[in-house]
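Chemist: Please find the sequence and the predicted model below.
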Amino acid sequence: MIHEIRETIQQSGTATAGAGTLQFQKRINLQEGMRHTINHIDFFDDGLFNLGVVRNSAYQVFVTNYPIVITDNTFNRFLYQPGPLAGEDCVLFKANGVRDSTPQENVRQEFPNQFLGSMPTFSFYTPQLYFTIIIDRLADEPAPTFEEDVQMSLYMAVESTEVNAVEYGIGMLQEYSENQAMLRRSQGIVITQATIRGAMPMWQIGGIRPEFMASNATNTLGENWFFSTAGYGGAEQMSLTSGVRAGLADARQMVGFGDAFGSTSGSKAIPDWFKAIAKPFPGLESGPIRSQEPPLKHFDNGNVMML
């Protein structure tokens, strides 16, 4: 069952510039005992927030299954107060925009973007959604407070599927745990260029690892298997199974640090990519193939005799 939901927020509010945020919220109830999947989602700024004004301000729009908690991290270089990151499991949709008065610039983005938002994205079990708008402004106003008039719309196509009590209960518990507020995030590690250079072997040797070049003029170790018309139009030379196996063994050799993958066999150089020819031929990987396998013999009931 697919439900098409259209919701709006049109409200005014007042907050202290540089020290507080405006937060508008609307709850959307869904059916219980269901797994809900957002098939389509779109957001529309009816009031064209921040357009035609000279000020430093920002807004964030969320669709979540629990109320939003403002964190202690920072958003943008102006140190706005953000909500959860778009990549967190509790966020089903997020849009934000920033107005920079110097230079005058207005940036807006969405997650999922309009292309991804037009197809099924996230599934959840909690029987409600919260449509939340957060407004923040720097302390650059003539007055210590600021007032905003917000007009924004949301469209969603939600597909609801009935599930058993076990799946529904586990899904509810998981989402409850995912929505425990993190007031400050510190994720990932900082890597310096010196650390990267010390960890990447190619950088230690000054560039790309050397490679062997194969020639299709000879066929000592089955090199011509890789070229369908060896000799540029000449007849393809036949390769003995023993020669091909020897070439594959050389291609799979371990090498020292900084040396070319593969190996040399006498005057022949066998690169590591030569082993790719063995993939369509299981016999080349599983061991020698007998020149003439014994015929299968069956009992009267059809079972194969073990000889």
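Modeler: All right, it came through fine.
Chemist: For the rest of this, base every contact and every neighbour count on C-alpha atoms.
Modeler: Will do.
Chemist: the strands in this structure, which residues?
Modeler: 2-16, 21-29, 34-45, 57-64, 91-101, 104-111, 123-124, 128-137, 145-162, 262-265, 268-271 (DSSP state E).
Chemist: wait, what's in contact with residue 185?
Modeler: Contacts for residue 185 (C-alpha atoms under 8 Å, 6 or more residues apart in numbering) come out as residue 73.
Chemist: so how far is residue 112 from it?
Modeler: 22 Å (C-alpha to C-alpha, to the nearest Å).
Chemist: what do you get for residue 298?
Modeler: Counting by C-alpha to C-alpha, the gap from residue 298 to residue 112 is 61 Å.
Chemist: next one: residue 129
Modeler: 17 Å.
Chemist: what's the answer for residue 119, then?
Modeler: Using C-alpha to C-alpha, residue 119 is found at 10 Å from residue 112.
Chemist: who's more crowded, the two?
Modeler: residue 112 (20 against 14; other C-alpha atoms under 10 Å).
Chemist: contacting residues around the residue lying closest to that one once chain neighbours are set aside?
Modeler: Of all residues beyond its chain neighbours, the one nearest residue 112 is residue 93 (6.3 Å), with distances taken as C-alpha to C-alpha, 6 or more residues apart in numbering. Neighbouring residues of residue 93 by C-alpha under 8 Å, 6+ apart: 41, 61, 62, 63, 64, 86, 110, 111, 112.
Chemist: Kindly recompute the last result at 10 Å.
Modeler: Taking C-alpha atoms under 10 Å, 6 or more residues apart in numbering, we find residue 93 in contact with 38, 41-43, 61-64, 86-87, 110-113, 117, 121-122, 131.
Chemist: now do residue 264
Modeler: So residue 264 contacts 212, 247, 250, 251, 253, 270, 271 (C-alpha under 10 Å, 6+ apart).
Chemist: any chance of these in a markdown table, plus neighbour count and pLDDT?
Modeler: Compiled in a markdown table, these are given as follows (neighbours: other C-alpha atoms under 10 Å; pLDDT from 0 to 100):
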| residue | neighbour count | pLDDT |
| --- | --- | --- |
| 212 | 17 | 80 |
| 247 | 26 | 77 |
| 250 | 22 | 80 |
| 251 | 21 | 81 |
| 253 | 14 | 81 |
| 270 | 30 | 80 |
| 271 | 23 | 82 |
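Chemist: Identify those among these that sit within helices.
Modeler: Cross-referencing the contacts of residue 264 against helices under DSSP state H gives 247, 250, 251.
Chemist: out of those, who's nearest residue 82?
Modeler: The shortest approach to residue 82 among those belongs to residue 251, at 54.2 Å (C-alpha to C-alpha).
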